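*Asks:* sequence and computational prediction follow.
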Amino acid sequence: MDSSDSRQSVIEVLENATSQDPACMARADDNLRIWETRPQFHAILFSIFADRTLSMPARLMAIITFKNGVDKYWKKTALHAIGLAEKELIRPQLLSMLDEDAPQIAVQYCVAIARIARWEFPLVWPTFAEELASRVHAIAHDLNSSADANRRRCYTMEHNALYILHLFVKMLCERKLARERQALRSTAPALFSVVAPIYARRVAQFNEALHVGDSEGSQELLKSIRFCLKTLRRLYVHGFGDFEAADALVHEFYMATVGHQAAFYELFCGLPAESREADGCRILVKIILLYGKIHLEFQKFKAVRFITTPAVVPLLRWYWQQIQGEAPQLTAVPLERSGDLESPPLVLERLVIQGLELYRGVVKNMFYLADDNGQMDEDVQRCRLVIDGEIMTAPFVAQMSETLMCHYIPLKACDIEMWQDDPETWIANEDLDHWEFDVRRSAERLFKDLVNQQRDRIVPELVQALQQPNVTPSFKLDGLYTALGLCASELYDHIDFCHWLRQHPPTDSPMSVSKWRIAWLIGKWVPVKFPTDERPHAYVALLEYARPGEPLVLRMEAIASLLACIDDWDFDATQFKPYLQLSIERITEMLGSVNQAELRMRMVNYLSAIVSRMQREIAPFAESIVRLIPLLWQSAAGENLYQTAVLSLVTKLVVALGVHSAALQPFVAPLVQHSIDLDDPAHVYLIVDGIDLWLALIRNASTIDPNLMALLRHIPRLLQSSTETLKSVLKVVEGYALLCGVDMMRNYGPALIGALHELVADTDMHVRAIAAGYTTLNVIVQCVQAELVGPALVESNMMWTPFTRIVDKKEAAMVLIHHAGFLSRIAVHYPQLFIEFLTAQDAQLTTMFAEHWVEIYDDVGQVAQRRLHALGLAVAIATTNDGVLKMLPLMVPIWNDVLSNTGDSQLYFSDRDDDEDDEFNEIVVPESERRRKLLSNDPAHKYDMKKAFSQSMAECERLNGVERFHAIIAQVSAEDLEDLKSQLS
């Protein structure tokens, strides 16, 4: 691009790109998209950004476009990559705009430079880190000595430079190759030596600003401190391979962070509540939490070094002081008065969560534990000495377990408020693993690990507390119950849960908190230890809790625990049968009580689980479930995951009803139709479950409904577009062939055979897909007579394709055996069609085909396929074609091999289809019987090979005459011929 005229044109286009006129914006975007691959375009963009006389929107659009272009075209291997000359023009200017004071523009500018460094450092621009560090150092020095009038500009430059450095270090830390990790470690000491003194100086200046009341200056200093910490955090954790050899400045920094964090937190706590939302306070909170991130990442990536650092013990003690200090706030309002009083908020909840996670990393960390043999290396011994002697002492473990159990893991007043105000949201959130943002979830994780690692100390006290008849206040009782559920796997040897449950019936409360906790406990204990003979008591209690009139959260928890009972390994369907009807009613009632699609989908999944586990026992209640389907489907409109749950429910219902599911065919066919309609965008989400439902209908059918038959018209497109569903689609076609093959071929034969031909003829298709396609074709050939299948095979060139592939013999042997196997199947089932096809071919092609067909036999592994191959060869000699008859000397050894190795025709017969899915083999479905019948009638199993070969030889003699036949036989070696005669006699 011309730098003079083009620059003005680019400016105009950039201004148009910020226009409010959609048409103008669209034209500008098109122009930018065209220009972005032209030389000098990005250099012009940077010059426009650097020109402060231009409008702010134009400059912002220029730097954004520049940044996006760097992403696409700065890498030298990219298509339309930015030229070296243009890069040389841009590179010297990159660090010239550090004084950019417009926040939006400055952020984009900094990100653009960091992304250039990602491609250029260290190979192309090896001095980038040194240059950037030098600029940061110079700016910091100027700031320390600048006059007040210039101080604001210096702060802006420092913030931008530190932000670029942060992004650069972050990029280095994300690299995983050894060479790139080495670049980080070689650069880290120099960068650390620049940033750490700046951080220390800014902290000291911040304290001075507080004393003199300089609020504006303190806010700018907080920004510098934050950017320094973001950089130092990654340099400290990832930049030093050997901490022992690191400079003293590195260790001093971490030691200082403990005191600095405490000081900043004390400052924050001293602020009035109304001023904590100010911009300066938000930065202060981010700084406090950044210290926590440093500690957590240090523990995660350098666990041994973390626990042996002298600063860690006071650090953990400080965190525990904050955890204990906040504990009374969590239970200040009793559960029974949650609607009357407002819970006081925590000062800084995320700080408490960071403390809990730090302790969790100490309590259970693989680097602090002995190996499976109880052995400890030197590092583990050092860590255990600190942990057991200074951190996790016996009094502290008792104090921690009590604090967590009494204050942190019980339900809070805010939970009960949500039960009343928005129960569905509370239920949905309860299943989310968001411990990073929820103090109760984080405390539960810590408590479970604490009991697991300190069971000898905690379990006896916990069991003793659980045996007490009256525990007050309510939050302490709920904490005990929560501990009983969370630690079921640690307590099952020490407490009889069923006996305990009978001795501790739920107490009345306004929101049935005690009942909810009992229902929750049952769900936790069933997978651990809940005797089968006690299950009916659980069913009765849970169904009682799930009745209408109880709080929604209690009903939902009761049904969830009921599902835990049903999904358990020891579930007894016969024992549950008396409660089946009431269970379905309770779930149906819940479907009418919840509005969120996620919870309705959960109820549908619960119903699916019941149907799946009860199987045939569900039949008396099928009608009531079927009546729900239209309403469920209608309510799931637009909710694709919800619709898949409904489809799964119907599929399991069909499987459970078995042959009796035929009555559902007219009702279910439209659901399948909607799910497999490739013109409907929703098919992306529904097609897998829709085909599973379709397959279940066909497998369990004894008759076919016209609506179900009409679905076959979708098969050709499904075969063309399917990938992960291809096997299921082919199984559907096989199911139709087994059930109503004649009607299928009469109505849809040419289209189906044509689609299958495209599948097996595709040279890019995986061999397993080709094999599956031929398997389906084999089933069709076995089930339907030649009069219906033959014309479709001829019209689609279905026999010509494998014939030519065998002639060419260019494909892998694994593919060729499937081509040969299909032609052998045609020869055995449709001998006249096969002979006519061979007769119509060129003699030379026929000779090559017969030769290669015989050779492929050695690659066939399965006994049944070898027998089929031999039978096909036997059929082929019932001809006068010289090309085939010349191969008789090679066919006779094959027949001898088959006769000697397989013996009786039924010896290798199995009535089970190896391709049939295991899930359908758990119970006998009608298709299983149809497949067994098909296998038992397969000539590869059924035919008497001696008789078949004798008849083929006799037919060959009849067609060719005695004289010519003896001439052909004479080509066979005497040894092979004698062996054949002896086996046929």
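*Replies:* Alright, I've got the coordinates.

*Asks:* alpha carbons only for contacts and neighbour counts from here, please
*Replies:* OK.

*Asks:* how close does the nearest residue to K652 once chain neighbours are set aside get to L686?
*Replies:* Closest residue to K652 apart from its sequence neighbours, by C-alpha to C-alpha, 6 or more residues apart in numbering: S612 at 5.7 Å. From S612 over to L686 the distance is 20 Å, taken as C-alpha to C-alpha, to the nearest Å.

*Asks:* try C281
*Replies:* 49 Å.

*Asks:* between the two, who's got more neighbours?
*Replies:* The neighbour comparison of C281 against L686 (other C-alpha atoms under 10 Å) goes to L686, with 23 against 17.

*Asks:* does V794 count as helix, strand or coil?
*Replies:* Secondary structure state of V794, per DSSP: H, G, I helix; E, B strand; the rest coil, is helix.

*Asks:* neighbours of it, how many?
*Replies:* Applying other C-alpha under 10 Å, I find that V794 has 15 neighbouring residues.

*Asks:* could you shift the numbering so residue one becomes 12, and keep it that way?
*Replies:* Sounds good: first residue 12 from here, last item V805.

*Asks:* next secondary structure element downstream of the helix or strand Y120 falls within?
*Replies:* Per DSSP states H and E, Y120 falls inside helix 114-131. The C-terminal neighbour of helix 114-131 among helices and strands, as given by DSSP H and E, is helix 139-156.

*Asks:* and the angle for that next one with helix 114-131?
*Replies:* Helix 139-156 runs at 150 degrees relative to helix 114-131, counting by axes from the mean of the first three to the mean of the last three C-alpha atoms, to 10 degrees.

*Asks:* check which residues of helix 139-156 are buried.
*Replies:* By neighbour count on 16 or more other C-alpha atoms under 10 Å, the buried set for helix 139-156 is 140, 143-144, 146-148, 150-151, 153-154.

*Asks:* what do you get for stretch 618-635?
*Replies:* 618-630, 633.

*Asks:* one more: stretch 495-507?
*Replies:* 495-502, 506.

*Asks:* re the thing from before, just the ones of the buried residues of stretch 618-635 in helices?
*Replies:* 618-625, 633 (DSSP state H).

*Asks:* now stretch 201-209: mean pLDDT?
*Replies:* Average pLDDT, stretch 201-209: 95.

*Asks:* low-scoring stretches of the stretch 412-561 of the chain, by residue?
*Replies:* 480-483, 518-522 (pLDDT under 70).

*Asks:* and the helices in it, which stretches?
*Replies:* 424-432, 434-441, 450-464, 466-477, 485-497, 499-502, 508-514, 524-536, 546-556 (DSSP state H, counting those that start in this stretch).

*Asks:* in CSV: those helices, plus distance to L849.
*Replies:* Compiled in CSV, the helices of the stretch 412-561 of the chain are given as follows (distance: least, C-alpha to C-alpha, whole Å):
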stretch, distance to L849
helix 424-432, 78
helix 434-441, 67
helix 450-464, 73
helix 466-477, 80
helix 485-497, 74
helix 499-502, 71
helix 508-514, 77
helix 524-536, 68
helix 546-556, 69
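
*Asks:* of all those helices, which lies closest to D690?
*Replies:* Closest to D690 of these is helix 434-441 (C-alpha to C-alpha; 33.4 Å).

*Asks:* that closest one packs against which elements?
*Replies:* Here helix 434-441 touches helix 424-432, helix 563-578, helix 608-625, going by 3 or more C-alpha pairs under 8 Å, 6 or more residues apart in numbering; DSSP states H and E.

*Asks:* quickly compare those and say which is most buried.
*Replies:* Looking across the helices and strands packed on helix 434-441 with neighbours counted as mean count of other C-alpha atoms under 10 Å, the highest average goes to helix 563-578: a mean of 23.

*Asks:* mind listing residues that contact that one?
*Replies:* 430, 434-435, 438, 523-524, 526-527, 530-531, 533-535, 537-538, 546, 550, 553-554, 556-559, 582, 597-598, 601, 604, 617, 620-621, 624 (C-alpha atoms under 8 Å, 6 or more residues apart in numbering).
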